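Enquirer: Test case, fold it:
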Amino acid sequence: MANRSKRMRQIDQMVDRNKVYPLGEAIRILKQCPPTKFDQSLNVALSVGVDVKKSDQQVRGTVSLPHGTGREIKVVVIAKGDKVKEALSAGAEFAGADELIEQIKGGWTDFSVLISTPDMMREVGKLGKVLGPRGLMPTPKAGTVTSDIGKAVKEAKAGKIEFKVDKTGNINVSVGRISFKEDQLSENLMPLLQSILRAKPASSKGVFLRALYLSTTMGPGLKIDLQSLQLGA
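Expert: Model prediction:
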């Protein structure tokens, strides 16, 4: 605890928690914070102007990060026949049907992305209690229920991520590792924000992008000046 206290005192001297930071300055400060024993994620918390109780004001989509996520992406594909070979050729760690479904039913979730062909979704849907709480259930909107298995696997491996608004009206995602170069992190963030903006529900009124915070896994949260990003919302 003493080491952590010292680290947090150093961080407190570096940041002004009441300040609204330009993007570049915020990333520089987070990169300069005292390091940890692991490569921290750069996390985005974005508040959006929707009424989450209304079904027509859900915000959800996918975006490919130009520089990837920095995480090892383990892809599992539920499919039969030639689609199994297609999945493995594209880079999936595991592909198959009944045996994998039984493993997942038993609690196995040691993977990052689950992709399914449409014909297997009746069986995959029965795994909701295991997959749902971990955000691993395939959906057509996320591109993880598809017949084009090869493309879906390659996109997942390359850094395609899903975003969706939670019950509090916030979107929380990671856009890379703090070891990335400053411009790589900003170049990952901007397509995400633009994709979220394009996903704005027609029934959403007023300011849509309300507040943006950047943080690292073990670091401070810095509020970002949204107007300086010139996103148009």
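Enquirer: all strands of this protein, in order?
Expert: Here the chain has its strands, by DSSP state E, at 20-21, 41-48, 60-64, 75-78, 94-96, 113-116, 160-164, 170-177, 209-216, 221-224.
Enquirer: Residue nearest the middle of the chain, spatially speaking?
Expert: Among the residues of the chain, residue 173 comes closest to the average C-alpha position under Cα atoms, centre = their mean, at 3.8 Å.
Enquirer: List the buried residues of the biggest helix by length in the chain.
Expert: Ranked by number of residues, the top helix in the chain under DSSP state H is helix 182-198. Using 16 or more other Cβ atoms under 10 Å as the test for burial, helix 182-198 gives 184-189, 192-193, 196. Placement of C-beta: from N, CA and C, glycine included.
Enquirer: With stretch 131-150 instead?
Expert: Across stretch 131-150, burial judged by 16+ other Cβ under 10 Å covers 131, 136-138, 142-146, 149-150.
Enquirer: returning to what we had before: using PDB, write down the CA coordinates of the longest helix of the chain.
Expert: The C-alpha coordinates for helix 182-198 follow below in PDB (Å, rounded to 0.1, in the frame of the first residue of the first chain):
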ATOM      1  CA  GLU A 182       0.900   9.200 -28.600                       C
ATOM      2  CA  ASP A 183      -0.300   9.600 -32.200                       C
ATOM      3  CA  GLN A 184      -1.300   5.900 -32.400                       C
ATOM      4  CA  LEU A 185      -3.600   6.300 -29.400                       C
ATOM      5  CA  SER A 186      -5.200   9.500 -30.800                       C
ATOM      6  CA  GLU A 187      -5.600   7.800 -34.200                       C
ATOM      7  CA  ASN A 188      -7.400   4.900 -32.500                       C
ATOM      8  CA  LEU A 189      -9.600   7.200 -30.500                       C
ATOM      9  CA  MET A 190     -10.900   9.400 -33.300                       C
ATOM     10  CA  PRO A 191     -12.500   6.600 -35.500                       C
ATOM     11  CA  LEU A 192     -14.200   5.400 -32.300                       C
ATOM     12  CA  LEU A 193     -15.700   8.800 -31.600                       C
ATOM     13  CA  GLN A 194     -16.700   9.200 -35.200                       C
ATOM     14  CA  SER A 195     -18.400   5.800 -35.300                       C
ATOM     15  CA  ILE A 196     -20.300   6.600 -32.100                       C
ATOM     16  CA  LEU A 197     -21.400   9.900 -33.600                       C
ATOM     17  CA  ARG A 198     -22.700   8.100 -36.700                       C
END
